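Q: quick one, structure for this:
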Amino acid sequence: MEHYHKVRCEERPSKLPPPVVADAVEVRVASHGKVRQYVKQALATLTGDIADPEAESDAAAASMIEAATCVAFVASGGAVTKAVSCAEIVKRRLSGLHQVNTIFYSNVVDVWEPNEATAGLESIRAVRHVPSIRIILSRDALDPTVPGYQPPLVAAPGSLDTQMADV
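A: Down below sits the predicted model:
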């Protein structure tokens, strides 16, 4: 491959079943991101602790956006384990979350071009099948007959919901 250089990389997801929840807020997990940032983003989305970015005054900045009912962690390749960790942390911090896991493959096409056009070499297209996952966490009840469904955990003593009930 010393006579070639990578030109582009195209990701083509395979056919997925339709999402269980259409209005889920998507959190794209990357292998180089930090787990605490993904967890913080998901918790803020589910609890409504997100300040309105379009607010102009201090009083308006204090207003909060309505909490979403669903969050979907989406990851591929090496980030799959990080997405599972994020989902487990969020499930333990917020009790009563229903979970649906979907595992699929994404096709990644790498296009390589020759360094020198006069060498008589042709461009190369390499297709890789990368494992991917979509984890949906929902406060609303989901269909338990869907493959990959997990019922909510029993409230843990250290979860945010039990701490809020004590106040």
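Q: so what pairs up with the most centrally placed residue in the chain in the strands?
A: Central residue of the chain (C-alpha atoms, centre = their mean): Phe73, 2.2 Å from the mean position. On the basis of DSSP bridges, Phe73 is bridged to Val27, Ile135.
Q: what sits against it?
A: Val27, Val29, Tyr38, Ala42, Ala83, Cys86, Ala87, Ile133, Arg134, Ile135, Leu137 (C-beta atoms under 8 Å, 6 or more residues apart in numbering). All C-beta atoms are positioned from the backbone trio N, CA, C, and that covers glycine.
Q: for Leu97, give me its contacts.
A: Leu46, Val90, Lys91, Leu137, Ser138, Arg139, Pro152, Leu153.
Q: which helix or strand contains the residue lying closest to Val80 once chain neighbours are set aside?
A: Nearest residue to Val80, sequence neighbours excluded (C-beta to C-beta, 6 or more residues apart in numbering): Ile133, at 5.0 Å. If you go by DSSP states H and E, Ile133 is part of strand 124-138.
Q: helices and strands around that strand, which ones?
A: strand 4-13, strand 70-76, helix 80-93, strand 98-114 (3 or more C-beta pairs under 8 Å, 6 or more residues apart in numbering; DSSP states H and E).
Q: ok, which of those comes nearest Val127?
A: Nearest of the helices and strands packed on strand 124-138 to Val127, taken as C-beta to C-beta: strand 98-114 at 5.4 Å.
Q: pLDDT below threshold where in the chain?
A: 1, 13, 16-19, 50-66, 118, 155-167 (pLDDT under 70).
Q: and if we set it to 50?
A: 52-53, 55, 57-64, 167 (pLDDT under 50).
Q: hang on, the earlier thing: how close does the residue nearest to the centre of the chain sit to Arg125?
A: 30 Å (C-beta to C-beta, to the nearest Å).
Q: next one: Phe104
A: 22 Å.
Q: those two: which has the busier surroundings?
A: The residue with more neighbours, out of Phe104 and Arg125, is Phe104; 15 against 10, by other C-beta atoms under 10 Å.
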